[in-house]
Structures are given as structure tokens and as C-alpha cells.
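Colleague: Sequence and predicted structure, then a few things I'm wondering about:
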Amino acid sequence: MLLGVRPLVFLARLLVVFALTYLFWENLAPAYTHLLGALTQATIRFTELFGTDATRAATTVLVRGNGIFYTHRLFPGARPPGIPADWVQANMVLLIPLMLATPAPSLRARLLRLGLALALALMLQVLGLVVTIKSTWASQLGSFSALHYGWLQRKLYQFLDAFFQSFDTQLFPFAIWAGIHFRQLLAPLRSIASGSAAEAATAASSRVPKPTTKAKRRREAKQHRS
């Protein structure tokens, strides 16, 4: 069953749920930051299973306060770069209201959709963090970067890092929400299109000339003689 989205009702729900999410997320943020740190550490260790001795198992991800920091094994004394956790999580405060404000056939369906959206967002956030770390190692460690990372790797990591930083908090929540509710969001357009097609068919049928009474009588007389 496809439920159409009524704009005013959807906007009212969205604003209410957004306010509640904004208030409660502050308490959830520290635990979510540690989850991000643990998953990022596991993911980047998987990417460092292969390579040279200098690049294998080289990264350690640390969560300190409201930031996610990372260190390189060969540079223990360097000040670890970091990423503000609230910047990484900003898209959640928008994604959760979008998912909960959209109509669903049942509460179970709405929660399942929300769970899917959160899983996709978490995956993209971890991927964005890994790309940022890789970009740092590939381009900001001087001679080490030039020795262990090729030109193509540096350009690729820099591009992906810029892409995730540009669209993570702006595009990804809407992309996830629209992707999950794609058929539902198209339902009003399909209804309008089907209504227009029905009106066109009715108008076309009304333009078909109907036989006059005199012509009808001639046709009936001709059929009777045959």
C-alpha cells in the first residue's frame, strides 16, 4: 500500500520530530561517537591488512571528548589530527525526523525503514571517516606520503574526502530518505498522470461524431433489406 505525503501534515510532523530529536541527540551523541570510533577502527584496519610494512596496521582511532582522532604508528610523537564528532553526526538530526514524519502502513514498517536509514547513514559516516584518514596519510605526511602513496591514490583520496565533506550533512540524509520512500513519493505524481490520461480519453471519446437519426434509420433499413 502506497501512502501519499500531504505537504502540510508532513511539515508539521517534521518540525515536531526535529525539535525532539535535536533535544535528545545531545544525550545520545557520546555513545554514538564511540560507536563511530570503534567501527572506523575496524574498517581502516581491514584496509590495512595489505601493503608495505609502513602502511599495514598503521592507524589507531581514538575518541576524545567531542572529537575522533587518529594516529600513525610511525609518527607516535605527532599531534594527532581530529574530526569534530558533531560534524559527522549532523545528518542524523535531519534524517531521523524525515523518516519518522513520512507516513507508513504501520508503526513496524516505519521503525524498519528508520533502522535501514540509520544503518545506511552509519555506513556512509564510517566510510567518510576512513577516506579522511586515508587522505591525510596520502597527502600530508611529506616524504612518507610521496614514498608510499602514488599520484593516483593521493588524487582519489583527496577527491573522495572533499566529496564526503561537501555532501555528508546536506545531500546524504535526503538521498537516503528519498531512496527508501521512492515509490511512495511518486504516488501523487502517478495519480495526477492517471487522472490526466483519463480526462484525455474522455475528451477524445466525446469528440467522436455520433450518427444522426436519419443516418441511423437508413442503416437499419439497409440491414433489413439484406
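Modeller: All right, it came through fine. Since we're looking at a predicted model, the values are computed, not measured.

Colleague: and stretch 149-167, what's its mean pLDDT?
Modeller: For stretch 149-167, the mean per-residue pLDDT is 89.

Colleague: Now do the buried residues in it.
Modeller: Going by neighbour count (16 or more other CB atoms under 10 Å), the buried part of stretch 149-167 is 149, 153, 154, 156, 157, 160, 161, 164, 167. Quick note: C-beta positions are derived from backbone N, CA and C, even for glycine.

Colleague: same question, stretch 57-69
Modeller: Counting neighbours by 16+ other CB under 10 Å, stretch 57-69 gives 58, 59, 61, 63, 67, 68, 69 as buried.

Colleague: cool, stretch 29-44 as well?
Modeller: 29, 32, 33, 36, 37, 39, 40, 41, 43, 44.

Colleague: Need those residues in JSON lines (columns: secondary structure, pLDDT and distance to residue 182).
Modeller: Written out in JSON lines, the entries for these read as follows (DSSP: H, G, I helix; E, B strand; the rest coil; pLDDT from 0 to 100; distance: CB to CB, whole Å):
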{"residue": "29", "secondary structure": "helix", "pLDDT": "93", "distance to residue 182": "30"}
{"residue": "32", "secondary structure": "helix", "pLDDT": "95", "distance to residue 182": "27"}
{"residue": "33", "secondary structure": "helix", "pLDDT": "95", "distance to residue 182": "31"}
{"residue": "36", "secondary structure": "helix", "pLDDT": "95", "distance to residue 182": "28"}
{"residue": "37", "secondary structure": "helix", "pLDDT": "95", "distance to residue 182": "33"}
{"residue": "39", "secondary structure": "helix", "pLDDT": "97", "distance to residue 182": "27"}
{"residue": "40", "secondary structure": "helix", "pLDDT": "96", "distance to residue 182": "30"}
{"residue": "41", "secondary structure": "helix", "pLDDT": "96", "distance to residue 182": "34"}
{"residue": "43", "secondary structure": "helix", "pLDDT": "96", "distance to residue 182": "28"}
{"residue": "44", "secondary structure": "helix", "pLDDT": "95", "distance to residue 182": "32"}
